[in-house]
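**Q** sequence plus predicted model, see below.
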Amino acid sequence: MLAASGGAYAKGVAQVDSARIAAADADPGNWLSSGRSYDEQRFSPLAKVNDGNVASLGLAWTYKLDIDRAAEATPVVVDGVMYTTGAFSFVYALDARSGKLLWKYDPKVPREKAANACCDVGNRGVAVRKGKVYVGAFDGRLIALDAKSGKKVWETDTTPDHSRSYSITGAPLVVKDKILIGNGGAEFGVRGYISAYDAETGRLAWRFYTVPGDPKLPAESPAMEMARKTWTGDKYFAEGGGGTVWNAIAYDPTLNLVYFGTGNGVEWNRVARGEAKTATNLFLASIVAVNADTGEYAWHYQEVPGDMWDYDADESIVLADLPVGGKMRKVLLQAPKDGFFYVLDRATGELLSAEKYTIATWASKVDLKTGMPQIDDAASDWTSGAKLVMPGPLGGHNWQPMSYSPRTGLAYIPAQEAAALLAPDNDAVFDSRTGVWNLGTQPLALPEDLKQLQPVIDSYKGRLVAWDPVTQKQVWSQEYKTPWNGGTLSTGGNLVFQGTADGRFVAYAADSGKKLWESPANSGVMAGPMSYQVGGEQYVAVLAGWGGAFPLAYGSLSLNAKVRPESRVLVYKLGGKASLPPPKHTPAVQPAPPILSADAATVNKGRDLFNGNCGVCHGLSAVSGGVVPDLRYLTPDKHNVFPGIVYGARASRGMPSFAGRLKPEDVDAIHQYLIKRGHDLQDELKTADTGKVAETTAKAH
């Protein structure tokens with residue numbers, strides 16, 4: 001293995017510990033954890049690249065990842081070596097100066113496990129400690145690798161019940177001698193928790209459950225005793241409860257507290273999960289603080305009591321010291337899905353302020369005395385009838401990390417406007433099988449005619465918001481034509497970097513929001529950027545690669561992005577001269593669809609079955625966002641074997657089996673609907689504006 005520049009291995013490879021992460025500001029050339037430091041500010045003090053010279057930034061090197069979908073990781077750089085991940089939890093070690101591959105590890109996640117997560121097969125990065133690299137594999141394993149060779153040291157299974165759809169997409173966090181990780185899967189019926197494992201052996205040290213367990217058994221802890229009193233029904237154990245810790249974790253070494261966010265309930269529909277309107281359902285949609293050594297409960301703040309809008313609190317948790325009410329306070333900042341920006345005292349959990357950072361119709365305000373949102377039932381209670389709610393389940397801000405600059409005092413939020421029409425599914429019955437969505441809501445209906453759909457597409461917008469957490473006001477913003485833009489990085493050079501859904505990497509002045517530089521990325525950028533220094537040279541890095549919930553389920557609404565998955569590491573420096581290959585926008589030729597033989601009733605049945613079972617991956621109304629195949633383009637041979645594909649013939653390639661869930665007549669109805677949609681596309685391509693439609697469709701694949 002090559003020695004990295006600057007004597008990287010003089011003291012051993014990847015020699016990171018909790019003390020070094022806590023002192024990250026004294027080591028600004030490295031990026032030691034996914035959020036750089038324990039405060040998760042994603043602020044780099046480096047300033048060699050600044051607002052005066054960023055126009056000279058150029059590509060230094062690129063590295064092509066193995067799988068072209070859902071590149072979500074923020075790389076870690078330690079002493080000249082970059083460690084990062086790709087889809088299906090691949091791990092890469094690269095020379096941070098040249099991009100040369102040092103080693104690669106494939107955890108060999110079975111592709112059929114792709115059905116076990118709501119929002120693609122991405123991975124948000126690694127943790128590094130004392131010569132080991134830790135990754136949470138998509139199928140629920142936590143794996144420790146030797147940082148020098150990439151060989152596996154140990155692995156442990158983090159999932160207590162393999163009959164449930166558990167997954168891992170988040171990055172682990174090193175805290176002292178432990179590795180912390182949470183799990184996903186709430187949409188499918190799992191019980192949420194966060195776990196701490198011994199960093200040397202992989203043995204479980206402690207686990208904090210976020211929702212109650214079997215009501216027939218004693219509660220595991222006083223926290224679960226408290227939570228159990230807030231659930232009024234008796235279905236939560238059978239359904240799992242939800243509340244998964246799938247992303248945000250932060251740590252305060254001075255208070256020795258770990259902070260994490262929790263997800264939605266199972267099912268989204270409060271009535272379907274058997275809960276009264278007054279039930280708060282702890283700890284759904286909450287921020288929870290626990291003792292780092294024991295996992296013992298310290299405090300919580302629930303942002304959305306009894307959540308029924310998929311308003312996860314798993315978005316970035318940022319720690320800062322800010323003046324509040326005339327004195328400095330240790331605070332916790334979050335801009336979660338629900339559209340409010342929260343400022344909490346991180347020692348006590350006291351709510352200090354909460355204001356809307358984007359459009360939010362579900363509640364008018366948050367009462368500071370009670371900490372409770374003032375919910376507008378007329379606008380948002382969809383349990384007895386359809387309501388158009390903002391934000392929808394995509395959120396006012398999703399997992400894409402926000403950053404905070406102590407230089408400007410501003411938080412930089414990848415905000416968005418993405419409404420959703422939610423309606424109860426009164427016929428839904430909870431199904432505990434793996435890979436089965438349990439939402440208690442009808443699939444979102446979208447216009448199938450492109451002209452009718454375009455206004456809906458245009459209503460979905462993105463925005464980079466610079467937010468003052470002290471005054472709780474927007475200072476500046478940059479508008480984007482589509483949501484699902486990337487995370488942000490702020491730097492000591494008065495810069496904010498962000499990738500965009502339409503395939504760019506952009507730098508803005510952190511104080512004013514003026515755009516100073518941009519570069520093509522070939523693909524949509526979702527990941528959080530980072531910066532590091534090797535040999536006196538500052539680099540800025542980001543992963544590009546389209547994927548996730550928006551282009552999967554909302555394929556037709558993502559067409560304004562006009563990108564396709566193409567995953568790689570992009571690294572920039574001043575005067576960089578490397579070149580990016582041209583994007584792979586190969587026009588798609590639609591095979592002639594078979595003759596439609598079904599009547600209207602069968603096609604309508606097929607539409608509902610498709611949107612309810614297939615649309616979450618292949619796109620509602622059978623319009624793909626390009627991450628997985630667009631089924632309007634089925635070839636004759638695939639039409640011939642369509643039932644076999646649905647029943648598992650391609651499970652090893654990531655297409656889950658629907659055997660036992662869909663009857664043969666259901667599969668035939670879905671097939672007929674796809675044939676009908678193929679003919680719809682054929683008609684669109686023959687219209688007067690053929691060129692525009694063809695370009696839009698082709699670039700989405």
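**A** On my side now, so go ahead.
**Q** wait, isn't residue 363 in contact with residue 377?
**A** No. Using C-beta atoms under 8 Å, residue 363 is not in contact with residue 377; the gap is 10.0 Å. In this view, the C-beta of every residue, glycine as well, is placed from N, C-alpha and C.
**Q** so the residue in the chain sticking out farthest from the centre versus residue 618, what's the distance?
**A** Here the chain reaches farthest from its C-alpha mean at residue 597, the gap being 40.8 Å by C-alpha atoms, centre = their mean. Residue 597 is 22 Å from residue 618, where distance means C-beta to C-beta, to the nearest Å.
**Q** domains in this structure, by residue range?
**A** 18-550, 600-699 (automatic domain parsing).
**Q** ramachandran angles for residue 180?
**A** Main-chain dihedrals, residue 180, degrees, to the nearest 10: phi -100, psi 140.
**Q** identify the residues contacting it.
**A** Applying C-beta atoms under 8 Å, 6 or more residues apart in numbering to residue 180 gives the contacts 172-174, 194-197, 249, 258.
**Q** try residue 372
**A** Counted by C-beta under 8 Å, 6+ apart, residue 372 has contacts 305, 366.
**Q** repeat that with 10 Å
**A** 280, 302-305, 351, 363, 365-366 (C-beta atoms under 10 Å, 6 or more residues apart in numbering).
**Q** follow-up on the earlier one: for residue 579, which of the domains of the chain is the nearest?
**A** Residue 579 lies closest, by C-beta to C-beta, to one member of the domains of the chain: domain 18-550, at 6.8 Å.
**Q** and that closest one, end to end?
**A** 36 Å (C-alpha to C-alpha, to the nearest Å).
**Q** what about it, distance to the chain center?
**A** 6 Å (C-alpha atoms, centre = their mean, to the nearest Å).
**Q** rounded mean pLDDT for it, please.
**A** Computed over domain 18-550, the mean pLDDT rounds to 96.
**Q** pull the contacting residues for the residue positioned nearest the centre of the chain.
**A** The structure's the chain has its C-alpha centroid closest to residue 399; by C-alpha atoms, centre = their mean the separation is 3.9 Å. Residue 399 makes contact with 72, 119, 122, 124, 169-170, 246-248, 312, 314-316, 337, 414, 487, 526-528, 548-549 under the criterion C-beta under 10 Å, 6+ apart.
**Q** which one of the contacts of residue 180 is nearest residue 678?
**A** residue 172 (44.0 Å).
**Q** mind listing what's buried in the top helix by length along the chain?
**A** Identified as the longest helix of the chain according to DSSP state H is helix 664-685. Within helix 664-685, the residues that count as buried by 16 or more other C-beta atoms under 10 Å are 666-681, 684.
**Q** now do the strands in the stretch 451-600 of the chain.
**A** 461-468, 473-480, 488-491, 495-499, 504-509, 515-520, 530-534, 537-544, 568-574 (DSSP state E, counting those that start in this stretch).
**Q** pipe those into a markdown table and attach distance to residue 395 and mean neighbour count per row.
**A** Shown next, in a markdown table, are the strands of the stretch 451-600 of the chain (distance: least, C-beta to C-beta, whole Å; neighbours: other C-beta atoms under 10 Å):
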| stretch | distance to residue 395 | mean neighbour count |
| --- | --- | --- |
| strand 461-468 | 12 | 22 |
| strand 473-480 | 15 | 16 |
| strand 488-491 | 16 | 29 |
| strand 495-499 | 17 | 29 |
| strand 504-509 | 22 | 23 |
| strand 515-520 | 25 | 16 |
| strand 530-534 | 23 | 26 |
| strand 537-544 | 21 | 26 |
| strand 568-574 | 26 | 24 |
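**Q** turn these into a markdown table, columns for distance to residue 438.
**A** A markdown table is the format used below for those (distance: least, C-beta to C-beta, whole Å):
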| stretch | distance to residue 438 |
| --- | --- |
| strand 461-468 | 29 |
| strand 473-480 | 33 |
| strand 488-491 | 33 |
| strand 495-499 | 33 |
| strand 504-509 | 37 |
| strand 515-520 | 41 |
| strand 530-534 | 36 |
| strand 537-544 | 31 |
| strand 568-574 | 36 |
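**Q** right, and those strands - which one's nearest residue 418?
**A** Once those are compared by C-beta to C-beta, strand 461-468 is nearest, at 8.0 Å.
**Q** hmm, which two among the contacts of residue 372 are most spread apart?
**A** Longest distance between any two of the contacts of residue 372 is 18.2 Å, between 280 and 365; criterion C-beta to C-beta.
**Q** who has more neighbours, the two?
**A** Under the criterion of other C-beta atoms under 10 Å, the comparison of residue 280 against residue 365 puts residue 280 first, with 20 against 14.
**Q** please report how far that one lies from residue 303.
**A** Here the criterion is C-beta to C-beta. By it, residue 280 lies 11 Å from residue 303.
**Q** which residues are common contacts for these two?
**A** 286, 372.
**Q** residues contacting the residue farthest from the centre of the chain?
**A** Counted by C-beta under 10 Å, 6+ apart, residue 597 has contacts 668, 672, 675.
**Q** the first one and residue 639 touch, don't they?
**A** No. The pair formed by residue 668 and residue 639 falls short of the contact definition of C-beta atoms under 10 Å, at 11.9 Å.
**Q** quick check: the gap between residue 241 and residue 266.
**A** Distance, residue 241 to residue 266, by C-beta to C-beta: 6 Å.
**Q** okay, and the common contacts of these two?
**A** In contact with both residue 241 and residue 266: 186, 189-192, 211, 235, 273, 284, using C-beta under 10 Å, 6+ apart.
**Q** residue 41: which of the residues you listed is nearest?
**A** Nearest to residue 41 among the shared contacts of residue 241 and residue 266 is residue 192, at 25.8 Å by C-beta to C-beta.
**Q** quick one, helices of the stretch 1-150 of the chain?
**A** For the stretch 1-150 of the chain, the helices defined by DSSP state H, counting those that start in this stretch cover 18-22.
**Q** show me where it has its strands.
**A** Under DSSP E, counting those that start in this stretch, the stretch 1-150 of the chain gives strands at 43-44, 57-64, 76-78, 81-85, 91-95, 101-105, 127-129, 132-136, 141-146.
**Q** among those strands, which comes closest to residue 112?
**A** The closest of the strands of the stretch 1-150 of the chain to residue 112 is strand 141-146. By C-beta to C-beta, the value is 15.5 Å.
**Q** phi, psi for residue 291 please.
**A** phi -70, psi 130.
**Q** and it, bridged to which residues?
**A** Beta bridges link residue 291 to residue 257 when assigned by DSSP bridges.
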